[in-house]
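Trainee: Predicted model follows, preceded by the sequence.
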Amino acid sequence: MEKYSEIIQVLLKKIGITTLKDAEAFISPSYDLHLHDPFLMKGMQEAATRTLQAVANNEKIAIYSDFDADGIPAGVILHNFFKRIKYDNFINYIPHRDKEGYGFHSEAVEQLHKDGVSLIITVDVGITAMETVERATELGVDVIITDHHEPKEQVPKAIAVLNPKQKDCNYPFDGLCGAGVAYKLVQAIILQARKSVETKQDVCLCFAHQPGATPPQKHTSCFVFNIAQLPKGWEKWLLDLVAIATVADMVPLVGENRVLVHWGLHVLHKSKRPGIQALCNKLRISQQLLDENDIGFSIGPRINAASRMGHPDDAFKLLSTESLEEAEDLASKLESLNNKRKGQVAAMVRKINSKVEAMQELGELPSVLVVGDPSWSPALVGLAAGSLADKLGKVVCVWGREGTGVLKGSCRSGDGTSVVETFEAAGNALLYFGGHSAAGGFAVSDEQVHTLGKALSDARESLETSTKPNNKEEVIADAELSLSKVNISTLKEFKLLAPFGIGNPKPVFAFKGVEVVSIRHFGKEQNHIEIFVKDPSGASRKASKFFATSESFSKAVKEGNTITLLANLEESSFAGRRTLELRIVDIV
């Protein structure tokens with residue numbers, strides 16, 4: 001461990017790493033040593049074999065993916081794979097968020113069947129779609145489910161179900177995102193194809209098609225042979241998509257995910273994918289310096305903007321096109337949609353804030369805030385709920401009406417209360433719901449939406465939990481740092497621990513005894529804050545936080561105050577310039 005600085009050793013110990021071997025594996029993960037055999041995943045053998053049979057028989061395959069920044073890259077992974085082996089008898093299908101809604105739908109299966117599809121591979125969706133898989137079976141369409149969401153007690157009776165979270169699955173890591181599972185399927189198909197060609201297994205049907213031909217001729221037009229002949233390691237070029245999906249879907253950046261994102265960022269830096277190049281040019285960020293922050297705050301939101309504000313196909317085409325001209329047009333379109341999305345969410349938040357102020361004046365602000373409007377898009381309400389939950393320090397639920405006529409909403413927890421536990425305690429107040437502790441989604445009837453706020457507030461107050469109202473978890477610094485140490489050299493050292501995310505959060509540094517020299521609010525809504533601080537040695541820095549005011553911290557910040565600033569170190573590469581920033585976590 002002596003090869004690393006004292007502060008890096010401290011930070012490694014905080015995440016349980018105390019030996020040089022473990023530190024090396026964490027800081028420099030090996031693609032060959034630290035990824036797991038895809039065939040350890042339950043159902044993988046069946047999935048790979050059925051896909052190869054479909055390819056060998058020239059069956060029409062449909063790749064059915066979710067419409068978010070996990071499902072879309074996952075769909076492109078399989079699209080790129082089939083294109084690479086020159087197999088064109090497939091289509092990508094992405095349901096429309098507003099017109100069809102989330103999920104694997106029977107209506108879509110019926111249409112795909114009419115279009116001649118005999119095998120559907122889902123990505124990032126389908127683990128609870130029992131009825132849809134049954135309908136596909138009735139129609140004679142085989143289904144391979146690849147997903148990562150929580151399964152129910154029973155899983156669909158598909159040809160194969162790939163989900164490391166399912167019962168009796170012995171795969172060593174269950175935290176993959178949807179694109180991660182799709183990538184493991186591609187790995188398995190390639191390995192199985194090589195084995196089939198080497199051992200002349202029956203799955204390589206070209207043997208049956210050309211009896212008596214010599215071995216080279218047997219494989220002349222065989223797609224299975226094309227797969228087997230892919231350059232070793234070709235699939236690594238798909239890791240840029242895996243990295244985007246893994247970061248954007250906010251799954252834990254530990255274990256195998258850390259390996260995939262580590263190498264995925266390397267691929268992103270030199271990716272020839274026109275969509276990535278066009279998006280970086282449009283956003284004025286350096287492709288060679290892309291990191292998890294750029295994915296989380298720039299790339300991911302623009303992929304999601306396609307389905308939130310338009311059609312998910314635009315994001316799919318951006319990532320799959322081979323034309324730089326088309327990619328530039330699509331990048332501009334997604335940027336425009338994202339700006340439109342920001343404007344609509346801001347208008348939504350303003351309207352909710354006015355309602356909150358009225359409630360506060362009357363002393364009627366409930367423990368769970370439920371607000372909505374039939375004109376609001378359910379695709380955007382989660383973004384509004386998230387910004388308000390942090391600001392108000394409580395559970396906030398926002399609803400709207402989707403194109404199918406159903407009232408749907410999203411909840412975010414700003415006080416540590418479990419959203420799903422609150423849903424469960426509300427009995428029959430909701431038509432259905434899902435999610436986890438910090439966030440969830442729901443559907444509610446037109447009749448019950450008017451009493452939903454009281455139902456959820458009563459449910460929350462009935463919960464026996466150790467988390468008290470408006471009592472956020474205390475932020476504890478990982479290490480103390482002086483302002484004079486805030487430089488690119490220090491940042492470079494800390495980035496050894498990147499990529500950061502859930503399960504591996506950015507280190508929080510405490511800057512003690514610094515004086516607040518000035519305060520500035522910025523942004524169109526003046527809803528971001530920037531403070532300028534200096535320490536007794538005279539060293540000074542600016543620090544900022546988005547969607548925060550002077551009152552947003554444990555200690556209200558005022559000019560002239562001496563404070564302890566808790567902040568992350570972040571690097572910005574806007575317009576090709578590398579700058580170092582302090583991002584405020586809290587002020588105490």
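Mentor: That came through fine. Numbers count the residues shown, from 1 in each chain.
Trainee: residue contacts, the residue most central in space within the chain?
Mentor: Centroid-nearest residue in the chain: Asp249, 1.0 Å away (criterion: Cα atoms, centre = their mean). Neighbouring residues of Asp249 by Cβ atoms under 8 Å, 6 or more residues apart in numbering: Asp68, Ala69, Asp70, Cys177, Gly178, Ala179. (C-beta placed from N, C-alpha, C; glycine too.)
Trainee: which one of these sits closest to Val371?
Mentor: Val371 has its nearest neighbour among the contacts of Asp249 in Asp68, at 23.9 Å by Cβ to Cβ.
Trainee: pLDDT below threshold where in this structure?
Mentor: Residues of the chain that meet the criterion pLDDT under 70 lie in 200-221, 464-473, 573-578.
Trainee: longest helix anywhere in it?
Mentor: Ranked by number of residues, the top helix in the chain under DSSP state H is helix 324-362.
Trainee: Quick one: list the elements packing against that one.
Mentor: Judged by 3 or more Cβ pairs under 8 Å, 6 or more residues apart in numbering; DSSP states H and E, the packing partners of helix 324-362 are helix 274-283, helix 300-309, helix 313-320, strand 368-372, helix 378-392.
Trainee: I'd like to check the angle between the third one and helix 274-283, please.
Mentor: Orientation check (axes from the mean of the first three to the mean of the last three Cα atoms, to 10 degrees): helix 313-320 against helix 274-283 gives 110 degrees.
Trainee: which residues are in contact with helix 313-320?
Mentor: In this structure, residues lying in contact with helix 313-320 by Cβ under 8 Å, 6+ apart are 69, 72-73, 75-76, 79-80, 92, 94, 241, 273, 275-276, 278-279, 302-307, 326-327, 330-331, 333-334, 337.
Trainee: Pull out the buried members of these.
Mentor: Those of these that meet the buried threshold are 69, 72-73, 75-76, 79-80, 92, 94, 241, 273, 275-276, 278-279, 302-307, 327, 330-331, 333-334, 337, by 16 or more other Cβ atoms under 10 Å.
Trainee: So Val242, which state does it fall into?
Mentor: helix (DSSP: H, G, I helix; E, B strand; the rest coil).
Trainee: thinking Ser544 is in contact with Arg583, fair?
Mentor: Yes - between Ser544 and Arg583 there is a contact under Cβ atoms under 8 Å: 6.6 Å.
Trainee: my read: Ser332 touches Lys282, true?
Mentor: Yes - using Cβ under 8 Å, Ser332 is in contact with Lys282, at 6.4 Å.
Trainee: Specify which residue of these two has the higher count of neighbours.
Mentor: The neighbour comparison of Ser332 against Lys282 (other Cβ atoms under 10 Å) goes to Lys282, with 17 against 13.
Trainee: so what's the more buried one closest to, chain neighbours aside?
Mentor: In space, and not counting its chain neighbours, Lys282 is closest to Ala331: 4.3 Å by Cβ to Cβ, 6 or more residues apart in numbering.
Trainee: That neighbour against Arg284, yeah?
Mentor: No - assessed by Cβ under 8 Å, Ala331 is found out of contact with Arg284, at 11.7 Å.
Trainee: overlap in contacts of those two?
Mentor: By Cβ under 8 Å, 6+ apart, Ala331 and Arg284 have no common neighbours.
Trainee: need the helices for the stretch 1-150 of the chain, in chain order.
Mentor: Assigned by DSSP state H, counting those that start in this stretch, the stretch 1-150 of the chain shows helices spanning 6-14, 20-27, 31-34, 44-56, 71-84, 106-114, 130-139.
Trainee: quick check: angle from the last one to helix 106-114?
Mentor: Here helix 130-139 runs at an angle of 20 degrees relative to helix 106-114 (the same axes, to 10 degrees).
Trainee: counting contacts, what elements does helix 130-139 pack onto?
Mentor: Using 3+ Cβ pairs under 8 Å, 6+ apart, helix 130-139 sits against helix 106-114, strand 142-146.
Trainee: Show the residue spans covered by the helices in the stretch 151-300 of the chain.
Mentor: For the stretch 151-300 of the chain, the helices defined by DSSP H, counting those that start in this stretch occupy 178-199, 206-209, 215-218, 223-228, 239-248, 255-270, 274-283, 292-294, 300-309.
Trainee: Same list, these, but as a markdown table with distance to Ser540 please.
Mentor: Rendered in a markdown table, the data for the helices of the stretch 151-300 of the chain read as follows (distance: least, Cβ to Cβ, whole Å):
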| stretch | distance to Ser540 |
| --- | --- |
| helix 178-199 | 43 |
| helix 206-209 | 71 |
| helix 215-218 | 72 |
| helix 223-228 | 59 |
| helix 239-248 | 32 |
| helix 255-270 | 32 |
| helix 274-283 | 30 |
| helix 292-294 | 24 |
| helix 300-309 | 32 |
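Trainee: Please work out which of those helices is packed deepest.
Mentor: Comparing those by mean neighbour count (mean count of other Cβ atoms under 10 Å), helix 239-248 comes out on top with a mean of 29.
Trainee: Quick check, Val588 in contact with Leu566.
Mentor: Yes - counting by Cβ under 8 Å, Val588 touches Leu566, with 6.6 Å between them.
Trainee: More neighbours: those two, which one.
Mentor: The neighbour count for Val588 versus Leu566, taken as other Cβ under 10 Å, is higher for Leu566 (23 against 15).
Trainee: Checking my notes, the more buried one in a helix, right?
Mentor: No - applying three-state DSSP, one finds Leu566 to be strand, outside a helix.
Trainee: Verify the stated contact: it with Val514.
Mentor: No - between Leu566 and Val514 there is no contact under Cβ under 8 Å: 11.0 Å.
Trainee: how about the helices of the stretch 401-550 of the chain, start to end?
Mentor: Under DSSP H, counting those that start in this stretch, the stretch 401-550 of the chain gives helices at 419-425, 452-462, 488-494.
Trainee: Can you say which of those is packed in most?
Mentor: Using mean count of other Cβ under 10 Å, helix 419-425 ranks as the most buried of these, with a mean of 21.
Trainee: then that one to CSV, C-alphas only?
Mentor: The C-alpha trace of helix 419-425 is given here as CSV (Å, rounded to 0.1, in the frame of the first residue of the first chain):
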residue,chain,number,x,y,z
VAL,A,419,-40.9,5.6,-0.8
VAL,A,420,-41.8,1.9,-1.4
GLU,A,421,-42.6,1.3,2.3
THR,A,422,-44.9,4.4,2.2
PHE,A,423,-46.6,3.0,-0.9
GLU,A,424,-47.1,-0.4,0.7
ALA,A,425,-48.5,1.2,3.9
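Trainee: which other residues reach that helix?
Mentor: 368, 395, 411-413, 430, 433-440, 442, 456, 459-460, 462-463, 465.
Trainee: could you redo the last one with a cut-off of 6 Å?
Mentor: For helix 419-425, the surrounding residues in contact (Cβ atoms under 6 Å, 6 or more residues apart in numbering) are Cys411, Ser413, Phe433, Gly435, His436, Gly440, Leu456, Ala459, Arg460, Ser462, Leu463.
Trainee: Go through the residues you listed and say which is closest to His113.
Mentor: Phe433 (31.2 Å).
Trainee: do you know how far that closest one is from Leu330?
Mentor: Using Cβ to Cβ, to the nearest Å, one gets 34 Å for the distance from Phe433 to Leu330.
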